[in-house]
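Peer 1: here's a sequence, model it:
(one chain, ligands or ions: 2)
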Amino acid sequence: MKKRVAVLGGSGYTGVELLRLLASHPKVELVCVTSRQFAGQKVENVFPSLRGMCGLEFTDGEPADIAGDADVVFTALPHQAAMGVVPELLQAGLKVVDLSADYRLRDAAVYEEWYQPHSSPQLLKEAVYGLPELFRDDIRQARLVANPGCYPTSVALGLAPLLKDGLIAPDSLIIDSKSGTSGAGRSAKLDSLFCEVNEGFKAYGLPRHRHTPEIEQTLGQLAGQPVKVSFTPHLLPVNRGILSTLYATLLRPVSQPELDELYARFYQDEFFVRCTGGVLPNIRQVVGSNFCDVGAVVDGRTGRVVVVSVIDNLLKGAAGQAVQNFNLLLGLDETTGLEAVAVWP
Ligand SMILES: NC(=O)C1=CN([C@@H]2O[C@H](COP(=O)(O)OP(=O)(O)OC[C@H]3O[C@@H](n4cnc5c(N)ncnc54)[C@H](OP(=O)(O)O)[C@@H]3O)[C@@H](O)[C@H]2O)C=CC1
Ligand SMILES: CC(=O)N[C@@H](CCC(=O)OP(=O)(O)O)C(=O)O
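Peer 2: Ligands and ions are numbered 1, 2, ... in the order given. Below is the predicted model of the structure:
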């Protein structure tokens, strides 16, 4: 039987990506899509890419109205707006996959240090961090899934085998990430204008990008001890894709075949993580897909390992991972609706 699904924030980049995935998901009946600015307009008229795929109109729904109609809700709203609706949705008995940052951090004090006051801190302990490759069993039981950030997804999947194995010094981590411009969302911003981004390449957010505590939380769990990282995001003049280059000091000498074997073993049952060994991946090989491709190289000269991890920020970094979590919540095959391979060239 199909589940009735609502998408809140269906006019944003992740929202439209959700609509695209859900339109061909065999277990989904889309019952509600919200947007304030497009309320009353047909989805397919506002987004012609969805012509013939979505017969709904955008609504500007109150959470209670949506609740009447849906079983599961994806909240693809900015942080702060999400926590304004999630408690009411849960209270109405819905399951929620929240794409915002509002429920990702366990500790309300940390959230408030990096974001703003939290209006439902009691839910932070209950929310399950939705990175299926690491927390699959908890996600299956969840009522509220906090879908991870795009940068943190690329980083956690890139470093998990090394930290779990105790092969690297947790205090040595340097994270250098680059994101396509869709990562900044669809609302009009000076920094996202074509002439500001095209043919340029810049670092931003230093030294306190808000993904830092999220990255440290997951890496700390993997390492079994608190972790502090240096994290520098950069803005790439491409629509989609994140490439994270991750540097770590080895605690013992390791050969390249040993490293290849470690990654291959760690991810042997994971459909969405593809290990490329010493052949470092390009964002081109994942854009349009839910894959995370990870390569790693031993640098014997410096005693470091360098990992390169790539994802599509709108798929494995957001909407694709959200559907993967939805599949887990419903007991479906995790790959349902997510089988597409990357578009290339
Ligand atoms: N872009 C990305 O790569 C990633 C984004 N995310 C997170 O996913 C969420 C959505 O991101 P993205 O799609 O990029 O964002 P967009 O800015 O593209 O879209 C935001 C959506 O929310 C609606 N919205 C905006 N403000 C409010 C508000 N105050 N109340 C209700 N609705 C509102 C907008 O529609 P309208 O104004 O018409 O109501 C729009 O549909 C964010 O929390 C983001 O941080 C997570 C991982 C990656
Ligand atoms: C390129 C760009 O601007 N990227 C966004 C991160 C992407 C995102 O939306 O992350 P959250 O889900 O945590 O909000 C940023 O740096 O804020």
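
Peer 1: tell me which parts of the stretch 201-345 of the chain are close to ligand 1?
Peer 2: Residues of the stretch 201-345 of the chain lying close to ligand 1 (CB under 6 Å from any ligand atom) are 313-314, 317-318. The C-beta positions use only the backbone N, C-alpha and C, and glycine is treated the same way.

Peer 1: write out the residues of the chain neighbouring ligand 2.
Peer 2: Going by CB under 6 Å from any ligand atom, the residues of the chain near ligand 2 are 79, 101, 149-150, 179, 183-184, 205, 211, 233, 235.

Peer 1: now, of the residues of the stretch 201-345 of the chain next to ligand 1, which are buried?
Peer 2: Buried members of these, counted by 16 or more other CB atoms under 10 Å: 313-314, 317-318.

Peer 1: tell me the one of the residues you listed nearest Val96?
Peer 2: Of all those, Ala318 has the smallest distance to Val96: 15.2 Å, by CB to CB.

Peer 1: isn't the closest one right up against Leu21?
Peer 2: No: when contacts are counted by CB atoms under 8 Å, Ala318 is not listed as touching Leu21 (10.6 Å).

Peer 1: follow-up on the earlier one: can I get the buried ones among the residues of the stretch 201-345 of the chain next to ligand 1 in a markdown table with pLDDT?
Peer 2: Listed next are these as a markdown table, based on pLDDT from 0 to 100:
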| residue | pLDDT |
| --- | --- |
| Asn313 | 98 |
| Leu314 | 98 |
| Gly317 | 98 |
| Ala318 | 99 |
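
Peer 1: now the helices for this structure?
Peer 2: 13-23, 43-46, 63-69, 86-91, 108-114, 132-140, 150-164, 194-197, 211-223, 256-266, 319-329 (DSSP state H).

Peer 1: lowest average pLDDT across those helices?
Peer 2: The minimum mean pLDDT among the helices of the chain belongs to helix 63-69 (a mean of 82).

Peer 1: in the chain, what residue is nearest ligand 1?
Peer 2: Relative to ligand 1, the nearest point of the chain is Gly12 (1.9 Å; CB to the nearest ligand atom).

Peer 1: state the pLDDT value of the nearest residue to that residue once chain neighbours are set aside.
Peer 2: Spatial nearest neighbour of Gly12, excluding adjacent residues (CB to CB, 6 or more residues apart in numbering): Arg186 at 5.1 Å. You'll see Arg186 listed with a pLDDT of 98.

Peer 1: for Gly68, give me its contacts.
Peer 2: Residues in contact with Gly68 (CB atoms under 8 Å, 6 or more residues apart in numbering) are Ala92.

Peer 1: surely Pro63 meets Ala81?
Peer 2: No: Pro63 lies out of contact with Ala81 (CB under 8 Å); the separation is 11.4 Å.

Peer 1: more neighbours: these two, which one.
Peer 2: Between Pro63 and Ala81, counting by other CB atoms under 10 Å, Pro63 is the more crowded of the two (21 against 14).

Peer 1: leaving out sequence neighbours, find the closest residue to Thr153.
Peer 2: Closest to Thr153 by CB to CB, 6+ apart is Gly317, at 5.4 Å.

Peer 1: that neighbour touches Ile242, doesn't it?
Peer 2: Yes: using CB under 8 Å, Gly317 is in contact with Ile242, at 6.0 Å.

Peer 1: what's the local residue count around Ala23?
Peer 2: For Ala23, using other CB under 10 Å, the count is 15.

Peer 1: cool, and Thr212?
Peer 2: Neighbour number of Thr212 under other CB under 10 Å is 20.

Peer 1: repeat that for Leu90.
Peer 2: 20.

Peer 1: now it: how far from ligand 2?
Peer 2: 20 Å (CB to the nearest ligand atom, to the nearest Å).

Peer 1: so who does the closest residue to Ser177 other than its chain neighbours touch?
Peer 2: Take Ser177 and drop its neighbours on the chain: the residue closest to it by CB to CB, 6+ apart is Ser244, 4.2 Å away. Counting by CB under 8 Å, 6+ apart, Ser244 touches 151, 154-155, 158, 175-178, 307-310.

Peer 1: done for today, thanks.
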